[in-house]
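# Have a look at this prediction, sequence included:
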Amino acid sequence: MTLKQGDKAPAFTAQDQNGATHKLSDYKGKKVALYFYPKDNTATCTKEACNLRDNFEALKAKNIVVLGVSPDGAKSHKKFETKFTLPFTLLADEDKKIITVYGLWAMKKLYGRDYMGVLRTTFLINEKGKIDHIIEKVNSAEHSRQILELWGL
């Protein structure tokens, strides 16, 4: 499945780092920055999360909800949240259902080795549940700026 701008964002249900259940439909009426990342506590993923943390108030002021998704479990997410004081929700997708339905479980290459992994991507979902933008070239150090600029905020 290849999602594109204007498509309805696929529904999902997942547990966060505190064990609470979240559904995409819980956020109807809000802008959602649904960001997918490969792994907690890795260099680039930490840089991205910390950029979102450092600019969280600016995103929140624009009615943007930040939801992070990775294949890590709730316990790993909790450690990641605590270590870096992350103020947003991290969703556990251990079975990769959300990652797969969003088309982000794919072949990757690292140091000449092929492997299956998460494609770092962010979906900007509007108040009606439609995809406004898809950020495939995430700038981890400036990710919040990318989000605000694409939404013209």
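That came through fine.
# can you give me the helices in this structure?
In the chain, the helices defined using DSSP state H lie at 43-54, 56-61, 74-84, 97-101, 143-150.
# out of those, nearest to residue 5?
Nearest to residue 5, of all the helices of the chain, is helix 143-150, at 10.4 Å by CB to CB. (Glycine included, C-beta is placed from N, CA and C.)
# which helices and strands does the closest one pack with?
If you count contacts as 3 or more CB pairs under 8 Å, 6 or more residues apart in numbering; DSSP states H and E, helix 143-150 packs onto helix 43-54, helix 56-61, strand 121-125, strand 131-135.
# let's see it at 6 Å
Packing contacts for helix 143-150, counted by 3 or more CB pairs under 6 Å, 6 or more residues apart in numbering; DSSP states H and E, involve helix 43-54.
# roughly how far out does the helix it packs on sit from the chain middle?
Here the centre of helix 43-54 is set off from its chain's centre by 11 Å, with CA atoms, centre = their mean, to the nearest Å.
# Rebuild the helices of the chain as JSON lines, extending it with mean pLDDT and mean neighbour count.
Listed next are the helices of the chain as JSON lines, based on pLDDT from 0 to 100; neighbours: other CB atoms under 10 Å:
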{"stretch": "helix 43-54", "mean pLDDT": "96", "mean neighbour count": "18"}
{"stretch": "helix 56-61", "mean pLDDT": "95", "mean neighbour count": "14"}
{"stretch": "helix 74-84", "mean pLDDT": "97", "mean neighbour count": "17"}
{"stretch": "helix 97-101", "mean pLDDT": "96", "mean neighbour count": "18"}
{"stretch": "helix 143-150", "mean pLDDT": "95", "mean neighbour count": "18"}
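# could I get these as JSON lines with distance to residue 124?
Shown next, in JSON lines, are those (distance: least, CB to CB, whole Å):
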{"stretch": "helix 43-54", "distance to residue 124": "13"}
{"stretch": "helix 56-61", "distance to residue 124": "11"}
{"stretch": "helix 74-84", "distance to residue 124": "22"}
{"stretch": "helix 97-101", "distance to residue 124": "16"}
{"stretch": "helix 143-150", "distance to residue 124": "6"}
